[in-house]
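Undergrad: take this sequence and fold it.
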Amino acid sequence: MALKVGLIRPYCPKYHETELYAGYLLRVPKAGTSAYHYSELQCYWETSVCPLFQEGELVQQHLIQLNATGDIITRLNAVLEGSEAARRDDFRGSRVSDATVGMLVEDMAKKHSGDVVFEFKPKWLAQSPSAPPSATRCRNCAREVQKRNERPKPSKTAKPIDCPLDLLGCGADAVSLSQAIASLAPSLEPSSRNYARLADWLKTNTLLPRLRDLQTTLDPSGPLVADAHDPNFQLAMTLRDCSCFVRIPADPESPVEVRVADLDKKNWQAKLEYWQATEQGLIDEGYYEGKEQIHQQTSCILERQSR
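TA: Numbering: from 1, shown residues only. Predicted structure coming up:
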């Protein structure tokens, strides 16, 4: 869990600095979980993730020693206890663990009142290597239909299923561009300057194509035949679960900022069985080919091309 704080201690290797500053979120471990220690997460981020990206493409994160900040854990838990009614149902009752190390995460919120900010998950930017050759849906669209059939919602509340492959087709396909922007920032007017700025980034960026290439290079065979101990497969699945934070500055001369986050090391051993079962279900139940029992239309680029 992450909380915005006004005055927090910056990172330094030996945690001896005393300068205080804002602009970061304080991420703290949730009590009662068996997740990796933050020092291990940070080491993975610095050694395995950072070398894949260029300067300015990652949401920055640093470690911080919490025991030097007094009763911060007690205070954070008091804040959570006092805001139970406003928390999501699945978060209610959770508390911060009695940890000595936390993490400072760069805050990608608005810097100025006119900034436009949002986030999105690019997900699987290429078809799963395990998908059948006759697939008419990408892995993400197939999975979204499966989840909707498992947990149906009233048609009035169900949002359209957005195809992540549209993010990569913006430079050559006007339909992909319009659908990508409608998914990412539906409040932007097509005639606005910010719409044009976002469109230009989508058509010219190198970040999303590189994410796609990394996903396919690191995992050329797919989860059905993956080895949980293969560091390349592990990294590919991390990159398929990342988030992108976007900030369109109020200053029209400033470039659009897009930074990647949520790149934690995962418990591969525990998750591989789930990943494989999910993939097998998509194949066996016809979701890749649009042959599921309760058929749903999607806007998947593969489905559009097959009509």
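Undergrad: going forward, measure contacts and count neighbours with C-alpha atoms only.
TA: Will do.
Undergrad: so what's the residue nearest the centre of the chain up against?
TA: Nearest to the centroid of the C-alpha atoms of the chain, with distances taken as C-alpha atoms, centre = their mean, sits Ser243, at 2.2 Å. Contacts here follow C-alpha atoms under 8 Å, 6 or more residues apart in numbering; on that basis Ser243 touches Glu119, Phe120, Lys121, Pro122, Val260, Ala261, Asp262.
Undergrad: mind listing the helices for the stretch 51-200 of the chain?
TA: Listed in chain order, the helices of the stretch 51-200 of the chain (DSSP state H, counting those that start in this stretch) span 72-82, 139-150, 174-184, 193-204.
Undergrad: please pick the buried ones from the contacts of Ser243.
TA: Glu119, Lys121, Pro122, Val260, Ala261 (16 or more other C-alpha atoms under 10 Å).
Undergrad: show the end-to-end separation of stretch 238-258, please.
TA: Stretch 238-258 has its terminal residues 18 Å apart, counting by C-alpha to C-alpha, to the nearest Å.
Undergrad: residues of that stretch that come out buried?
TA: Under 16+ other C-alpha under 10 Å, the buried positions of stretch 238-258 are 238-240, 242-250, 256-258.
Undergrad: repeat for stretch 138-156
TA: Going by neighbour count (16+ other C-alpha under 10 Å), the buried part of stretch 138-156 is Cys138, Arg139, Asn140, Cys141, Ala142, Arg143, Glu144, Val145, Gln146.
Undergrad: do stretch 87-98 as well
TA: So for stretch 87-98, counting by 16+ other C-alpha under 10 Å, buried means Ser94, Arg95, Val96.
Undergrad: same check on stretch 31-51?
TA: Tyr38, Leu41, Gln42, Tyr44, Trp45, Val49.
Undergrad: domain parsing for this structure?
TA: 2-106, 116-306 (automatic domain parsing).
Undergrad: what is the mean pLDDT for the shortest one?
TA: Averaging pLDDT along domain 2-106 yields 78.
Undergrad: widest-spaced pair of the buried ones among the contacts of Ser243?
TA: Farthest apart among these by C-alpha to C-alpha are Pro122 and Ala261. That separation is 11.3 Å.
Undergrad: what sits in contact with each of these two?
TA: Cys242, Ser243, Cys244.
Undergrad: next up, the contacts around the first one.
TA: Under the criterion of C-alpha under 8 Å, 6+ apart, the neighbours of Cys242 are Lys121, Pro122, Lys123, Val260, Ala261, Asp262, Leu263.
Undergrad: longest helix of the protein?
TA: helix 268-284 (DSSP state H).
Undergrad: pull the residues that contact whichever helix or strand comes after it.
TA: As assigned by DSSP states H and E, the chain's next helix or strand after helix 268-284 is helix 301-306. Residues from elsewhere that reach helix 301-306 (C-alpha under 8 Å, 6+ apart): Ala135, Thr136, Arg137, Cys138, Cys163, Leu165, Asp166, Ser176.
Undergrad: apply 10 Å and report the result again.
TA: For helix 301-306, contacts defined as C-alpha atoms under 10 Å, 6 or more residues apart in numbering pick out 127, 135-138, 141, 162-166, 169, 175-176, 288-290, 297-298, 300.
Undergrad: got it, and stretch 253-260?
TA: 53, 55-60, 108, 116-122, 194, 197-198, 200-201, 205, 207, 239, 242-250.
Undergrad: averaged pLDDT, it. What do you get?
TA: The model assigns stretch 253-260 a mean pLDDT of 97.
Undergrad: how much space between His112 and Arg247?
TA: Counting by C-alpha to C-alpha, the gap from His112 to Arg247 is 10 Å.
Undergrad: now do Pro190
TA: 18 Å.
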